[in-house]
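J.: here are the coordinates; sequence isn't available:
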């Protein structure tokens, strides 16, 4: 990436470049100076947007996680889809998103595993958002009579926990096995059946 | 443990002592010579039972895992308990066994995490045995009409996967959180409901 200081230095540009620098140098070696150099600016200019290396790493982690939240929100808020099939689509999309992140760019994924460890607050917030989406889908099903759950948030959490093997990055190595799709489908079917009214 | 060479040198005594040595020195530093010294025998005597350090580590891993299989087998083969409540008892006993292993002796548990990584064949065999027990419980329920599963082994695997957060040692840190029991109960109830006829 050639330095291009003429473009305005937005937080988004800094975060994109930080991702690139992390991919190139790895999470241990990448510094704010590397990011500034890649942008063709002083490191002071970067610090004006992100007051510390930790803040920058946190923001880049948040941005990475936020992408899938936006995509899943479209499914969660789609009108007119019955809750059981919406739940299935949502779980499938979550698994696909995680699997692609892990498979398409394994180095960047490994980098993010390190960042997730560092930024447990960001991760907690991300998981809360995902479980909140699940709650809305299950709540719709309860309202329309297709699903049954005495405690909707607890049911959402249970669905999220029960499908952990298909979204927790700890299991990324399993996502490459030939049986993983059948295993995903079996767990998803079991869980949705467990919620049917 | 004082040397006591007068007792016969059985494989079981060697494995017990190996566990003790692993607990004391950690998995990186423990050697066959340490085990022999603790037993008051030559390392050649140990090698007569276990031809290599790897074989000894594999056997000690196997012994550790086998303990819970035996305890769970009693539940799986108990006569006259209806399948849904047997399934619940079995999942509870599995979680309790893992949680106690992790909580009662964290150093030994950490050691075994290293050994589990080294001995993936032993771990695979262990998981197969557990899923086979689940298959028998679910098969009983299908036969008696209390459970429904078109493919019993696949359902057993799905139950095992869906409850992974409560038996996979990767999650051991979560087992200390105050909400874990409620989370376990929610997932277990969901999964059993998903299998009800």
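T.: Alright, I've got the coordinates. Keep in mind it's a predicted model, so treat the numbers as computed, not measured.

J.: domain assignment for chain A?
T.: For chain A, automatic domain parsing gives the domain ranges A:11-49, A:57-195.

J.: Could I get the buried residue list for the shortest one?
T.: Put plainly, it is domain A:11-49. Buried residues in domain A:11-49, defined by neighbour count with 16 or more other C-beta atoms under 10 Å in any protein chain shown: A:14-23, A:27, A:30, A:32, A:34-36, A:38-41, A:43, A:46, A:49. C-beta coordinates here come from the backbone N, C-alpha and C atoms, glycine included.

J.: Tell me the residues on chain A that lie near chain B, please.
T.: A:154-155, A:157-159, A:161-165, A:170, A:182-183, A:186-187, A:189-195 (C-beta under 8 Å from any C-beta of the partner chain).

J.: Give me the subset of those lying in helices.
T.: A:154-155, A:157-159, A:161-162, A:182-183, A:186-187, A:189-195 (DSSP state H).

J.: sorry, back to before: from the buried residues of domain A:11-49, which land in helices?
T.: Short answer: the buried residues of domain A:11-49 in helices (DSSP H) are A:14-23, A:27, A:32, A:34-36, A:38-39, A:43, A:46, A:49.

J.: Grab the nearest non-local neighbour of residue A:66.
T.: Nearest residue to residue A:66 in three dimensions, chain neighbours excluded: residue A:126, at 7.8 Å (C-beta to C-beta, 6 or more residues apart in numbering or on different chains).

J.: Around the residue of chain A found nearest chain B, how many other residues sit close by?
T.: Going by C-beta to the nearest C-beta, chain B is nearest to residue A:194 of chain A, at 3.2 Å. A count of nearby residues for residue A:194, using other C-beta atoms under 10 Å in any protein chain shown, gives 24.

J.: got any ranges where chain A has weak pLDDT?
T.: Residues of chain A meeting the criterion pLDDT under 70: A:1-6.

J.: residue closest to the middle of it?
T.: Centroid-nearest residue in chain A: residue A:65, 3.4 Å away (criterion: C-alpha atoms, centre = their mean).

J.: any idea which helix or strand carries that one?
T.: In the assignment (DSSP states H and E), residue A:65 maps to helix A:53-76.

J.: picking that back up, which residues are in contact with the residue of chain A closest to chain B?
T.: B:189, B:190, B:191, B:192, B:193, B:194, B:195 (C-beta atoms under 8 Å, 6 or more residues apart in numbering or on different chains).

J.: Then residue A:72?
T.: Residue A:72 touches A:90, A:93, A:94, A:97, A:130, A:133, counting by C-beta under 8 Å, 6+ apart.

J.: cool, residue A:58 as well?
T.: A:118, A:119, A:121, A:122.

J.: Tell me which residues are up against the strand or helix carrying residue A:128.
T.: Assigned by DSSP H and E, residue A:128 belongs to helix A:120-144. Residues from elsewhere that reach helix A:120-144 (C-beta under 8 Å, 6+ apart): A:58, A:61-62, A:65-66, A:69, A:72-73, A:76-77, A:82-84, A:86-87, A:90, A:94, A:116, A:147-149, A:152-153, A:155-157, A:159-160, A:195, A:197.

J.: Name the nearest residue to the residue of chain A closest to chain B, ignoring sequence neighbours.
T.: Residue A:194 sits nearest to residue B:194 (C-beta to C-beta, 6+ apart), 3.2 Å away.

J.: Show the contacting residues for residue A:183.
T.: A:165, A:166, B:157, B:158, B:161.

J.: Distance of it relative to residue A:90?
T.: Going from residue A:183 to residue A:90 by C-beta to C-beta, to the nearest Å gives 18 Å.

J.: Without its sequence neighbours, what residue ends up closest to residue A:87?
T.: Nearest to residue A:87 is residue A:137, by C-beta to C-beta, 6+ apart, at 5.2 Å.

J.: Columns distance to residue B:109 on top of the domains of chain A, output as a markdown table?
T.: Below are those laid out as a markdown table (distance: least, C-beta to C-beta, whole Å):
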| stretch | distance to residue B:109 |
| --- | --- |
| domain A:11-49 | 28 |
| domain A:57-195 | 17 |
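
J.: which stretch among those domains comes nearest residue B:7?
T.: Closest approach to residue B:7 among the domains of chain A (C-beta to C-beta): domain A:57-195, 43.1 Å.

J.: can you pull the buried residues of the helix holding residue A:128?
T.: A:122-123, A:126, A:129-131, A:133-142.

J.: Hey, what's the angle from it to helix A:53-76? Just curious.
T.: In terms of direction (axes from the mean of the first three to the mean of the last three C-alpha atoms, to 10 degrees), helix A:120-144 departs from helix A:53-76 by 10 degrees.

J.: How far off centre is helix A:120-144?
T.: Computed by C-alpha atoms, centre = their mean, to the nearest Å, the chain-centroid distance of helix A:120-144 equals 13 Å.

J.: cool, and stretch A:175-195?
T.: Using C-alpha atoms, centre = their mean, the offset of stretch A:175-195 from its chain centre is 20 Å.
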